[in-house]
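Participant: coords please:
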Amino acid sequence: MSAACCGAPSKTALDDPRWRRALWIALAVNAAMFAAEMGAGLMADSLSLRADALDFLGDAANYAISLVVAGAVLAWRARAALLKGATLALFGVWIIASAVGAALDGSAPQPHTMGVVGVLALLANVGVAIMLYRFRTGDANMRSVWICSRNDAVGNFGVVAAALGVFGTGSAWPDLGVAIVMAGLSLWGGFQIISQARSELRTGAGDNHARIVVGGR
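Facilitator: Model (predicted):
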């Protein structure tokens, strides 16, 4: 029976040094942007900036976990992806709850800070997404990295649009609206990752059962 049938990782992109190097670069970029964007979000009183900053933090953890399990068997990579998918979905729930609280508060964020930081975050996320694009069709763990990067890039377009909307209207609603859209992306991405990870765990369980049957003959 081949090593692949026994659950050992084959020579794929998971073993590619370019994959690990891309993860290390993405980890450094996301950790730095979390610190910068969270500080700016607090100063500007912007929920979309703070939501995006927490997304950067979540992605940094995502990349760190992916580095740890990169050479592991499918079942462990699927379990890591399951954890990341659940965290991404919970993040979306948190944004929705925060948006409701901000709507009740009624304060308007500072559009200039939102715009400048939003553009910087957009450039960082687009660069990471382009770097990881080639790895978008791997297993659930690898796909989770691409989904998070894609969501970040889309979310940053929204932050810049929210800054323009707040500047033009003097209202917090554009900021809150973009935060809700980001929450939807987090929920959708989380459910995608969870679905694929559960499928891979079932596949791994079936492989283990097959090995037990073969070994008992």
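
Participant: Tell me, how many residues neighbour residue 191?
Facilitator: Applying other CB atoms under 10 Å, we find 15 residues neighbouring residue 191. For the C-beta atoms, the positions are set from N, CA and C on the backbone; glycine is no exception.

Participant: What residues does it make contact with?
Facilitator: 85, 89 (CB atoms under 8 Å, 6 or more residues apart in numbering).

Participant: tell me which element it is part of?
Facilitator: helix 173-215 (DSSP states H and E).

Participant: Relative to the whole chain's centre, how far out is that helix?
Facilitator: Relative to the chain's own centre, helix 173-215 is displaced by 12 Å; criterion: CA atoms, centre = their mean, to the nearest Å.

Participant: Once you drop chain neighbours, what's closest to residue 78?
Facilitator: residue 200 (3.9 Å; CB to CB, 6 or more residues apart in numbering).

Participant: you'd agree that neighbour is up against residue 80?
Facilitator: No - Residue 200 is beyond contact range of residue 80, at 10.8 Å (criterion: CB atoms under 8 Å).

Participant: Residue 199: neighbouring residues, count only.
Facilitator: Count around residue 199 with other CB under 10 Å applied: 12.

Participant: per-residue pLDDT, it?
Facilitator: At residue 199, the predicted lDDT confidence score is 86.

Participant: count of neighbours near the residue lying closest to residue 55 once chain neighbours are set aside?
Facilitator: Nearest residue to residue 55, sequence neighbours excluded (CB to CB, 6+ apart): residue 152, at 5.9 Å. Residues near residue 152, counting by other CB under 10 Å, number 25.

Participant: residues touching residue 152, list them.
Facilitator: Per CB under 8 Å, 6+ apart, neighbours of residue 152: 52, 55, 56, 59, 121, 125, 128, 129.

Participant: Out of those residues, which sit inside helices?
Facilitator: Those of the contacts of residue 152 mapping onto helices are 52, 55, 56, 59, 121, 125, 128, 129, per DSSP state H.

Participant: Between these, which has the least confident prediction?
Facilitator: residue 55 (77).

Participant: Tally up the residues packed near it, please.
Facilitator: Neighbour number of residue 55 under other CB under 10 Å is 29.

Participant: May I see the buried residues of stretch 85-98?
Facilitator: Of all the residues in stretch 85-98, those buried under the rule 16 or more other CB atoms under 10 Å are 85, 87, 88, 89, 91, 92, 95, 96, 98.

Participant: The fourth one reaches residue 195, doesn't it?
Facilitator: No - Residue 89 is beyond contact range of residue 195, at 11.3 Å (criterion: CB under 8 Å).

Participant: returning to that earlier point: for the ones in helices among the contacts of residue 152, which one is nearest residue 183?
Facilitator: Proximity of these to residue 183 (CB to CB) peaks at residue 55, which lies at 10.4 Å.

Participant: Alright, I will stop here.
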